[in-house]
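Visitor: Give the three-dimensional model of this entry:
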Amino acid sequence: LEKNWRMPSEEHYDDSAFKYFVMAVLVIILIPTTLSYSKLWKQAFSTEYKGDCQCDDCKKKAKQTQLQSRKPTTWALVKFGLYAFCWILFFYLIATAQSDVPEQPVSFDPYEILGVPIGSDEANIKKAYRKLSLEYHPDKNPGKEAQEMFIKIAKAYETLTDPAVREKWERYGNPDGAGVMSVGIALPSWLVDTKNSMFVLACYVVFLVIVFPTLAICYWTNQKGKAHNQLSQRTMYYFYHMLKDKTRFRKLITVLSTSVEYMTTIPLSQADEPILKKLVSILPDDDKEKERMRKKKDKFPPHAIKNSVLFFTQFSRAQGVLNEGMRRDFDVIVSNAGKLISGAMELTASQKFLVPTIELVGLQQMLVQAVWGPVARMGRDTHLLQIPHVKESQLSHFASRKWKIAHLSQFCKMDPALRKEFLTSELNFDEAKIRDVEKLIRDVWPTDIELRISAKVDEEEDATITAGAIATLVVDVKRPSHVSHGLKGKEEVPIVAHAPHYPFEKEEHWWIILGDERTHQILGLRRISALKEGVEVKIPFLAPKKPGVYTFTTFALCDSYVGFDQKIVLQIEVKEEVIPKEEPKRTDTEGFYSDEEDDDPKAEKSGEESEED
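Guide: So this is what the prediction gives:
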């Protein structure tokens, strides 16, 4: 009896608890993953266009993005396979967890076993015991259940008649006294089974000695050749040696085209030559550039020519000429161009090169909007194609004698009625197209930005700037269409640019640059994620070392549009630094006290005594 009623004292591994633990972890992973997948699937297979702009190019981009999201990549298939496996494992654990639940211990109640009320006297207990013992005695009732019941009856009678046993039952709930608590560990029992010890040990060795070190080595090998901006270190080294203080658009295109990211991923093929010749025939005709290419033909690798032409294809919106292979190369060019431009700007800005930094921002604008801008200097300017529904064949209407519209900012500042007349009479726009144009001018394009700039010295009451001092350029932004909420510790909500010919969603960013156009040097710059009403931009810079009046230029450059950049001249008067003259120290020989004696009260006291003497 004592053996049957003693509680187990050893630890045991609870398979059921382990399954419930795994299910809890899977729920934490599967719920947000399922919500994310449902959102992606809804966007990928939705037939409804939800964009704000109703122009044909935006609808085409949305459709292409949707079709692209339906194409599964290798990594996407691997992730979905893991996601499906987790769901299968979750339902399997639900189906099998209940069968592994250990039996709960049954409470021992001697009164209930003997069938007597609580508090019965010893006579009634003995009477009930005799009756039940005769009924379940093994000689009269040889069944297994009767034997187990007979043992319980005997134990219940002993508990109620033996004072010592009864005291243990009343105190611990067990007639045998305090039992040892059984600790269940939420790990599967097969993990510690001696039969599986070699298998478990082998798994530990494989993962800890082979798999994890191999993954770490592969990651380190992949990252050791990359800079902090995920560009190849060879590319950054190449940019560092090729980009000079007066490098302009044409050389920038060549340098970007010969980066490691392009040279190692874009192949050369004889089949590309006819298409390249056709593209060259429709690209801007620049005799000076052709002459330069002819003289330095041996210095230009074939990759530079092909990749440069693919850059120009984006600016000319001539993707329809490309075949399938060239289209893949073109996608590589456009998808990596933004990252390469940012890396090049990082180097030019760190070396204080004003000209290439401004040219790189202009190149970024042309890439995003797929137009030829003034920075290219290729004899072609198509930046007015940023206006929705405008075709290249209609650009001549802007330059007509009647309208003389040369810049996009000039078009945006026109009176709405006059602008509507132009769009209706010259371009045959209907009301829907005009609404798209007006919406962009009113809500999206940075047409209402006004900048107020000033220079001062921090922590000084007056605005006097002295030679060699650290001054601060303060730019106050006024933009009624986009107001900053001024939430401290939180970033501003980004403004999404209208870029229907750029394959990715582009957020509007601005570069504020303080430069000296005479020396082509950058004094200070800062990149702003959202230029909104109420934003104050502060850029520290070092004042000139010589006093005088200096003329600097503040450039506000938008990396998402061509034609909205601002250039503000700033005159700064630098005065000579006034160094306060130090008074000569008075010595004891002249009848005065030294500085050390003035600070020491004992010395002061001794000095007074000497004076009295």
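Visitor: The residue of the chain positioned farthest from its centre sits in which helix or strand?
Guide: Here the chain reaches farthest from its C-alpha mean at Ala123, the gap being 82.1 Å by Cα atoms, centre = their mean. Following DSSP states H and E, the helix or strand that holds Ala123 is helix 122-136.
Visitor: And that helix, what's buried?
Guide: The neighbour-count check on helix 122-136 (16 or more other Cβ atoms under 10 Å) flags Ile125, Ala128, Tyr129, Leu132, Tyr136 as buried. All C-beta spots, glycine's among them, are computed from the backbone N, C-alpha and C.
Visitor: quick one, what contacts the first one?
Guide: In other words, Ile125. Ile125 sits next to Leu114, Val116, Tyr157, Leu160, Thr161 when contact means Cβ atoms under 8 Å, 6 or more residues apart in numbering.
Visitor: What segments of the stretch 101-250 of the chain are helices?
Guide: For the stretch 101-250 of the chain, the helices defined by DSSP state H, counting those that start in this stretch cover 110-114, 122-136, 144-161, 163-172, 197-205, 212-224, 233-242, 249-257.
Visitor: Export the buried residues of helix 122-136 to CSV and append columns for pLDDT.
Guide: Output for those, formatted as CSV (pLDDT from 0 to 100):
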residue, pLDDT
Ile125, 82
Ala128, 83
Tyr129, 82
Leu132, 83
Tyr136, 82
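Visitor: Quick check: the farthest pair among those residues?
Guide: By the measure Cβ to Cβ, Ile125 and Tyr136 form the most distant pair in the buried residues of helix 122-136, at 16.3 Å.
Visitor: Give the other helices and strands that the host helix or strand of Phe91 contacts.
Guide: When elements are assigned from DSSP H and E, Phe91 belongs to helix 74-97. Counting by 3 or more Cβ pairs under 8 Å, 6 or more residues apart in numbering; DSSP states H and E, the packing neighbours recorded for helix 74-97 are helix 15-45.
Visitor: And the helix it packs on, how far out from the chain middle?
Guide: 23 Å (Cα atoms, centre = their mean, to the nearest Å).
Visitor: and it, which residues are buried?
Guide: Asp15, Ser16, Ala17, Phe18, Lys19, Tyr20, Val22, Met23, Leu26, Leu30.
Visitor: measure the fifth one to Tyr157 for me?
Guide: Put plainly, it is Lys19. Counting by Cβ to Cβ, to the nearest Å, the separation of Lys19 from Tyr157 is 42 Å.
Visitor: now His407
Guide: 107 Å.
Visitor: between these two, who's got more neighbours?
Guide: Tyr157 (20 against 16; other Cβ atoms under 10 Å).
Visitor: Settle this for me: the more buried one is touching Leu114, isn't it.
Guide: Yes - under the criterion of Cβ atoms under 8 Å, Tyr157 makes contact with Leu114 at 6.9 Å.
Visitor: quick one: least confident helix or strand in this protein?
Guide: Here the helix or strand of the chain ranked lowest by mean pLDDT, DSSP states H and E is helix 2-5, holding a mean of 38.
Visitor: related to what we said a few turns ago, what's next to the helix holding Phe91, contact-wise?
Guide: Outside helix 74-97, the residues within contact range by Cβ under 8 Å, 6+ apart are Ser16, Lys19, Tyr20, Val22, Met23, Leu26, Val27, Ile29, Leu30, Thr33, Tyr37, Pro72.
Visitor: Can you lay out these as CSV showing pLDDT and distance to Gln351?
Guide: As requested, these are exported to CSV (pLDDT from 0 to 100; distance: Cβ to Cβ, whole Å):
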residue, pLDDT, distance to Gln351
Ser16, 75, 66
Lys19, 83, 61
Tyr20, 83, 61
Val22, 87, 55
Met23, 88, 57
Leu26, 90, 53
Val27, 90, 53
Ile29, 90, 47
Leu30, 90, 50
Thr33, 89, 45
Tyr37, 83, 46
Pro72, 74, 44
